[in-house]
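Chemist: One predicted model, sequence on top.
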Amino acid sequence: MKKLMAANWKMYKTAEEGFELVQGILAALKDKLPVDREVLICPPFTALNAARKALGASSGAFFLGGQNFYPAKEGAFTGEIAPSMLLEHGCTFALVGHSERRHVLGEKDDFLAEKVKFGLKSGLKIILCVGEKKEQRLAGEVEAVLDQQLRAGLVFNDYNDSDCLAIAYEPVWAIGTGLVAEAKDILEAHAHIRKRLKEILGDAKGSETRILYGGSVKPENTKGIIELDNVDGVLVGGASLQVESFVKIVTA
Ligand code: PGA
């Protein structure tokens, strides 16, 4: 299983800046991308085309992804974007249920389940993000929160390729705060997610589904995280916005 090193640019980078960033990443990784790694870049929608142009005919190890979409083919959904539009702009992947969508924009589990289902049906690979808030960790509710988010998010378990789905474990309190979960906490959470995935998806698919860690991933902590059991990649926000730090993470 290749490790997926994913960049989530959030609402940063114009098209021009995105073009330069992708060009810089490609140049710095030329002949240096480890064979067991894949790189995913999730720019804002307006920078997708520029990022795609910059990727050009780069090797099959680089992918583009959308940060969000609406679960419908088309329709009167002001401000939203359809999976077919992401696919048209070169996206292979899309994030669903990032904590900022859950907690800032108020997206609920049943809506996220629709997105997982519709996104997969449309041909996107989906990264479903899960993770507890600080108060839930302090109350000993980590496993209960993960169970709820996984069971609800994967309720329409009707896809057949484990390569189409990944989970990102992102403790909310570690996102953008500089606080990284300790190795022990990551190990426990990922082992728990693995166990649940096997139950929900069956042994084979559950074992092969990638589980990424996200939350203040930086060049200096990546190696320690990526080598942990059941960590099959990382989802990086802040440190993915500069060539140097992202390239160090990808090659850590
Ligand atoms: P961060 O963000 O790396 O800036 O903590 C991670 C994420 O939100 O996916």
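Modeler: It's in.
Chemist: Get me the contact residues on this structure for the ligand.
Modeler: Contact residues, the chain versus the ligand (CB under 6 Å from any ligand atom): 8, 170, 175-176, 214-217, 235-239. Backbone N, C-alpha and C define where each C-beta goes, glycine included.
Chemist: Any of the residues you listed buried? List them.
Modeler: Buried by 16 or more other CB atoms under 10 Å: N8, E170, I175, G214, G215, S216, V217, L235, V236, G237, G238, A239, out of the residues of the chain next to the ligand.
Chemist: So the residue lying closest to the last one once chain neighbours are set aside versus the ligand, what's the distance?
Modeler: Across the structure, with CB to CB, 6 or more residues apart in numbering as the measure, the residue nearest A239 apart from its sequence neighbours is S245 (4.4 Å). Here S245 is placed at a distance of 10 Å from the ligand (CB to the nearest ligand atom, to the nearest Å).
Chemist: so S245 is in which element?
Modeler: Under the criterion of DSSP states H and E, S245 resides in helix 243-250.
Chemist: Any stretches of the stretch 51-200 of the chain with poor pLDDT?
Modeler: Low-confidence segments of the stretch 51-200 of the chain (pLDDT under 70): 158-162.
Chemist: Please repeat the previous calculation with a cut-off of 90.
Modeler: For the stretch 51-200 of the chain, applying pLDDT under 90 flags the ranges 57-60, 155-163, 175-181.
Chemist: Helices along that one, start to end?
Modeler: 83-88, 99, 109-122, 134-138, 142-153, 183-201 (DSSP state H, counting those that start in this stretch).
Chemist: Pick the most deeply packed of the ones you listed.
Modeler: The highest mean neighbour count among these, using mean count of other CB atoms under 10 Å, belongs to helix 99: a mean of 22.
Chemist: if we can go back for a sec, against which helices or strands is the helix holding S245 packed?
Modeler: Packing partners of helix 243-250 (3 or more CB pairs under 8 Å, 6 or more residues apart in numbering; DSSP states H and E): strand 3-8, helix 15-29, helix 219-226, strand 233-236.
Chemist: how about CSV for those, with mean pLDDT and distance to A61 added?
Modeler: Below are these laid out as CSV (pLDDT from 0 to 100; distance: least, CB to CB, whole Å):
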stretch, mean pLDDT, distance to A61
strand 3-8, 98, 10
helix 15-29, 97, 9
helix 219-226, 97, 16
strand 233-236, 98, 12
